[in-house]
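Peer 1: Quick one: sequence plus predicted model below, questions after.
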Amino acid sequence: MNCFVTGASGFIGANLVHELVARGHHVRALLRPSADLRGLAGAKHERVDGDVTDRDSLARGLRGCDWCFHVAASYHLWLPDYAPMYAANVDGTRNVIEEATAAGCSRIVYTSTVGCIGLPKVENGVVTPTDEDAPVSEAQMSNDYKRSKWRAEVVARELAASGAPVVIVNPSAPIGPRDVKPTPTGKVIVDFLNGAMPAYLDTGLNWVHVRDVAIGHILAAEKGRVGERYILGNATGNWTMREAFAALEQISGVPAPRIRVPYFIPLLAAHVGEAVSRFTHNPPRAPLAGVRMARYKMFFDPKKAIRELGLPQTPPHQALADAVEWFRGNGCVANGKHPLT
């Protein structure tokens with residue numbers, strides 16, 4: 001297949017390109033001039049310079065393509081002005097899907113987020129993971145990033161209902177190799193490895209190997225039902241931060257933090273940090289949006305993707321081990337061991 005990938009230099013996008021190439025597909029990668037290409041090293045691809053807000057570059061790149069993967073997104077939990085993020089995430093999604101439909105793509109896979117899925121229910125201290133059918137609305141989107149992704153997903157669903165061959169995927173918390181920036185989740189692992197994680201919050205994530213997420217995109221193009229959405233997560237990956245740190249200690253030999261911080265402390269610090277940022281226009285160390293999201297255990301049930309797509313289920317422990325190996329081998333860890341060859 002001829003494949004068009006937006007966000008190809010990002011964490012999920014780069015791993016997707018590698019998986020597509022490994023399966024013999026031809027990849028056109030939409031890239032900005034300033035894109036960091038380290039994650040794409042070793043993956044043969046055709047570069048298309050452009051941006052999701054530039055319809056001409058989209059039309060040029062999509063010409064003759066069979067599949068379109070719209071992975072690109074502006075992901076910021078704090079900005080002095082959120083208008084560019086809405087333009088990229090909402091208007092950009094409309095641009096990509098409309099141009100891909102006009103180009104005759106047989107499948108358009110839109111990468112959303114589990115942030116657009118209803119929050120897990122908690123009863124008597126027990127968290128019940130939610131799935132794609134959990135009731136949710138824009139009113140539950142607690143920050144501008146989530147609202148922008150929600151509106152983008154609404155656009156994707158509306159265009160699917162009008163005939164665009166759109167399948168939506170909602171990754172949970174991917175970890176693994178090629179996390180160049182790193183992502184916020186990856187930074188948690190990097191900070192842990194560097195001994196910069198003295199305490200932990202009582203929160204949790206659905207940890208999933210980024211390779212499974214990348215393969216899930218391809219499976220969505222092959223088997224996904226138009227207009228449906230699929231959580232790309234791990235059925236055994238609903239771990240608290242304490243459980244994740246215990247696994248990281250076992251993998252890395254770095255001692256896990258033993259102190260649990262009460263939620264009000266980082267919440268207060270985030271309020272102070274954002275107040276300062278309004279004057280300095282520099283991002284706060286801990287954005288209020290991130291701290292508020294950490295109040296919930298983001299546990300999800302990916303059974304639909306497992307059942308309908310055949311989503312791989314790499315054990316979360318292996319996903320963490322692969323992330324540790326990659327970060328240590330790529331200069332992210334002080335005195336890192338076991339460098340990659």
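Peer 2: That came in fine, so what should we check first? Bear in mind the structure is a predicted one, so any value in this text is a computation, not a measurement. Numbering: from 1, shown residues only.
Peer 1: hang on, Ala286 packs against Gly273?
Peer 2: Yes. Taking contacts as CB atoms under 8 Å, Ala286 lies within contact range of Gly273: 6.0 Å. Every residue, glycine included, has its C-beta placed from N, CA and C.
Peer 1: Quickly find the element holding Leu16.
Peer 2: Using DSSP states H and E, Leu16 maps to helix 11-22.
Peer 1: Give me the contact list for that helix.
Peer 2: 3, 5-8, 27, 29, 39-40, 42-45, 69, 71-72, 111, 171, 174, 176-183, 186, 210-211, 213-215, 217-218 (CB atoms under 8 Å, 6 or more residues apart in numbering).
Peer 1: Now go through those residues and say which are in helices.
Peer 2: Among these, the members falling in helices are Gly186, Val210, Arg211, Val213, Ala214, Ile215, His217, Ile218 (criterion: DSSP state H).
Peer 1: Output those in JSON lines, with neighbour count and pLDDT appended to each entry.
Peer 2: Shown next, in JSON lines, are the ones in helices among the contacts of helix 11-22 (neighbours: other CB atoms under 10 Å; pLDDT from 0 to 100):
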{"residue": "Gly186", "neighbour count": "23", "pLDDT": "93"}
{"residue": "Val210", "neighbour count": "30", "pLDDT": "98"}
{"residue": "Arg211", "neighbour count": "21", "pLDDT": "98"}
{"residue": "Val213", "neighbour count": "28", "pLDDT": "98"}
{"residue": "Ala214", "neighbour count": "29", "pLDDT": "98"}
{"residue": "Ile215", "neighbour count": "23", "pLDDT": "98"}
{"residue": "His217", "neighbour count": "30", "pLDDT": "98"}
{"residue": "Ile218", "neighbour count": "22", "pLDDT": "98"}
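Peer 1: just those residues now: which is nearest Val226?
Peer 2: Nearest to Val226 among these: His217, at 15.2 Å, using CB to CB.
Peer 1: wait, that closest one sits on Val167?
Peer 2: No. Contact criterion CB under 8 Å: His217 and Val167 do not qualify, at 9.1 Å.
Peer 1: Next, show the common contact partners of the two.
Peer 2: Val109.
Peer 1: Buried ones among the contacts of helix 11-22?
Peer 2: 3, 5-8, 27, 29, 39-40, 43, 45, 69, 71-72, 111, 171, 174, 176-180, 182-183, 186, 210-211, 213-215, 217-218 (16 or more other CB atoms under 10 Å).
Peer 1: list the residues that contact both of Ala286 and Gly273?
Peer 2: Contacts common to Ala286 and Gly273, judged by CB under 8 Å, 6+ apart, are absent.
Peer 1: got the residue ranges for the helices in the stretch 51-200 of the chain?
Peer 2: Here the stretch 51-200 of the chain has its helices, by DSSP state H, counting those that start in this stretch, at 55-62, 83-86, 92-102, 144-161, 184-193.
Peer 1: All the strands of the stretch 151-300 of the chain, residue numbers only.
Peer 2: 166-171, 173-175, 199-200, 204-209, 229-232, 238-240, 259-260 (DSSP state E, counting those that start in this stretch).
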